[in-house]
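Visitor: structure for the following, please:
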Amino acid sequence: MLFLLASAANAATYTVCAVNCDYPFLNQGLASAVNGDVYVLMEDYQLGAQIDITASVTIRGATVDTVPRNNRLNGR
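Guide: You can find the predicted model right below:
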């Protein structure tokens, strides 16, 4: 139980796209995923090679409302 709480505390939101994102390929982000991570797929995202999901994560498409404040798409 303690391990799960520690992992959730380190969860973060990451963007996936070809340029200026946290990861250029989704599989690279998922390789180090922890429970609670969120991966936002931008318009030009790529899956990469084989996708292995080993943590409880959320993967979603980007809209203005789901893009983190400091991302290049919403200009904030």
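Visitor: with adjacent residues omitted, what lies nearest to the spatially most central residue of the chain?
Guide: Residue closest to the mean C-alpha point of the chain, counted by Cα atoms, centre = their mean, is Tyr39 at 2.1 Å. Spatial nearest neighbour of Tyr39, excluding adjacent residues (Cβ to Cβ, 6 or more residues apart in numbering): Ile59 at 4.8 Å. C-beta here means a position set from N, CA and C on the backbone, and glycine is covered the same way.
Visitor: again, but for Tyr45
Guide: Setting aside the residues directly before and after it, Tyr45 is nearest to Val16 in space (Cβ to Cβ, 6+ apart), at 4.5 Å.
Visitor: state the distance from the one you found to Leu47.
Guide: Per Cβ to Cβ, to the nearest Å, Val16 is found 9 Å from Leu47.
Visitor: same check, this time on Ile59
Guide: Applying Cβ to Cβ to Ile59 and Leu47 gives a distance of 10 Å.
Visitor: before we move on, what about Val38?
Guide: From Val38 to Leu47 the distance is 17 Å (Cβ to Cβ).
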